[in-house]
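**Q** Mind folding the following:
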Amino acid sequence: MSLIKLLREIDRYLVRILAHLVPKKWSKTHNYNNILIIKLWALGDSIPTLPLINSLKKAGKEVDILCTPRNKPIYEDQEVINNLYLLNKFIPKWNHYDLAIDLEPYLNISSLVGWFCGRALMGFSGQPRSRLYSLSIPFNKEKHIVQIYLDFARKLNLKAIDNLIPLTKEKNKVAKIGICPGVGKTAKSRMWDNKKWAQLCDELSQFGPILFVGKEDEVIHNIQRLMKERSIYKRVSLKELFKIINGLDLFISVDTGPLHIAAAQGVKTIGLFGPNTPTIWGPYGKGNISIYKKTDCSPCIQNDKGLMPDCRDNICMQRITVDDVYRASLKLLNRGI
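**A** Take a look at the predicted model:
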């Protein structure tokens with residue numbers, strides 16, 4: 001069992017038991033002026049929280065963030081955030097905040113941290129840990145994740161501002177089209193076929209340089225070996241990735257963090273979906289395109305329950321054709337078809 005899966009199992013059972021041993025948190029005030037946002041997991045799930053944070057700040061709230069080193073770069077340069085804390089260095093203070101908002105869809109430890117730090121606690125309903133919350137909202141699977149998070153602002157009777165917040169204003173123009181084909185070791189079912197990627201990239205090379213991004217060296221090198229045309233790939237820091245993506249004209253990705261980085265930057269974005277639903281996780285923003293060929297078994301990922309099946313026969317992804325993505329690319333590149 002991998003370390004990530006082990007930690008998830010500990011969180012699912014041990015921390016869930018602990019959550020049943022503490023009482024529900026009640027607050028005597030509804031005037032929540034200083035708020036702690038708890039978001040511990042995933043880049044792609046952290047970027048859509050920025051409109052909520054911006055909405056809270058515009059309403060005059062002081063907003064602190066508790067995150068992990070993994071998603072820290074999403075938050076650390078945001079002017080709407082007062083203080084940024086890392087979980088491994090965080091010293092919690094009893095009832096320090098008027099309100100703690102637990103933004104984790106299924107993790108349990110975040111609810112215990114919020115319970116300790118906030119005079120009131122807010123999170124998603126329908127979970128075993130939900131009994132701890134003073135206020136809760138449903139994880140509405142008919143909405144995009146940006147709007148799901150904004151429901152927390154609406155629950156507090158605050159104006160929901162749904163503008164995505166850029167991660168950087170700098171641009172590093174190294175290519176025209178960006179490609180992210182890899183998803184990491186724990187989500188292989190979201191991947192598209194390497195031969196299809198190679199064919200697509202060869203066809204798109206006529207419009208400008210192709211840049212691969214991500215950390216899946218083997219996947220990207222295999223695609224490059226299958227290609228006839230030249231392409232670019234080098235590992236960069238997450239901060240540099242923000243600048244590089246911000247300089248692209250088009251970004252194409254499977255369901256993973258860089259997809260949401262591109263959308264947040266206002267880059268024309270195409271997302272390839274199968275195990276997960278683009279209704280919730282599609283690239284947010286006007287004009288962006290999600291390609292999804294639903295099957296009887298998709299979507300099989302249930303983010304609010306932490307269920308992420310490791311499908312070995314991802315027919316939902318393989319039903320997406322090169323022509324599907326190429327035609328979408330022409331549309332966003334204003335090339336006509």
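
**Q** for Trp41, helix, strand, or coil?
**A** Following DSSP: H, G, I helix; E, B strand; the rest coil, we place Trp41 in the coil state.

**Q** Please verify my assumption that it contacts Asn71.
**A** Yes - with contact defined as C-beta atoms under 8 Å, Trp41 counts as touching Asn71 (7.2 Å). (Glycine included, C-beta is placed from N, CA and C.)

**Q** For this structure, give me the ranges with low pLDDT.
**A** Along the chain, the parts satisfying pLDDT under 70 run over 1-9, 12-16, 18-20, 27-29, 185-186, 304-306, 312, 336-337.

**Q** for the residue nearest the centre of it, helix, strand, or coil?
**A** With distances taken as C-alpha atoms, centre = their mean, the chain has Gly44 as the residue nearest its mean C-alpha position (1.7 Å). Classification of Gly44 using three-state DSSP returns helix.

**Q** Surely it is in contact with Leu259?
**A** Yes - here Gly44 reaches Leu259: they are 6.5 Å apart, a contact under C-beta under 8 Å.

**Q** just to revisit the earlier point, for the residue nearest to the centre of the chain, what are its contacts?
**A** Asp255, Thr256, Gly257, Leu259, His260, Trp281 (C-beta atoms under 8 Å, 6 or more residues apart in numbering).

**Q** Make CSV from the residues you listed and add distance to Phe116, secondary structure and neighbour count to it.
**A** Converted to CSV, the contacts of Gly44 look like this (distance: C-beta to C-beta, whole Å; DSSP: H, G, I helix; E, B strand; the rest coil; neighbours: other C-beta atoms under 10 Å):
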residue, distance to Phe116, secondary structure, neighbour count
Asp255, 34, coil, 29
Thr256, 32, coil, 25
Gly257, 29, helix, 23
Leu259, 34, helix, 30
His260, 30, helix, 30
Trp281, 31, helix, 23
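
**Q** Would you map the helices across this protein?
**A** 3-10, 16-19, 43-46, 50-58, 72-75, 109-117, 145-155, 194-204, 217-226, 238-246, 257-264, 278-281, 315-318, 322-332 (DSSP state H).

**Q** Please identify the deepest-packed of those helices.
**A** Mean neighbours per residue, mean count of other C-beta atoms under 10 Å, is largest over the helices of the chain for helix 257-264, with a mean of 28.

**Q** what's that one packed up against?
**A** helix 43-46, strand 177-180, helix 238-246, strand 250-254, strand 269-273 (3 or more C-beta pairs under 8 Å, 6 or more residues apart in numbering; DSSP states H and E).

**Q** Ile161 and Val146, how far apart?
**A** For Ile161, the distance to Val146 (C-beta to C-beta, to the nearest Å) stands at 11 Å.

**Q** do the same with Arg319
**A** From Arg319 across to Val146, the span is 27 Å (C-beta to C-beta).

**Q** Ser290 contacts Asn276, doesn't it?
**A** No - checked against C-beta under 8 Å, the pair Ser290 and Asn276 is beyond contact range at 10.3 Å.

**Q** The two: which has the busier surroundings?
**A** More neighbours surround Asn276 than the other of Ser290 and Asn276, with 26 against 18 (other C-beta atoms under 10 Å).

**Q** For that one, give me its contacts.
**A** Contacts for Asn276 were tallied using C-beta under 8 Å, 6+ apart; they are Arg190, Asp255, Pro299, Ile301, Asn303.

**Q** what about the first one, distance to Lys24?
**A** When distances are taken as C-beta to C-beta, Arg190 and Lys24 turn out to be 37 Å apart.

**Q** Tell me the one of the contacts of Asn276 nearest Ile177?
**A** Comparing these against Ile177 with C-beta to C-beta places Asp255 closest, at 18.6 Å.

**Q** The closest one against Phe273, yeah?
**A** Yes - contact criterion C-beta under 8 Å: Asp255 and Phe273 qualify, at 5.5 Å.

**Q** what about the residue lying closest to Ile252 once chain neighbours are set aside, neighbour count?
**A** Of all residues not flanking Ile252 in the chain, Ile270 sits nearest, at 4.6 Å (C-beta to C-beta, 6 or more residues apart in numbering). Other residues lying near Ile270 total 22 when counted by other C-beta under 10 Å.
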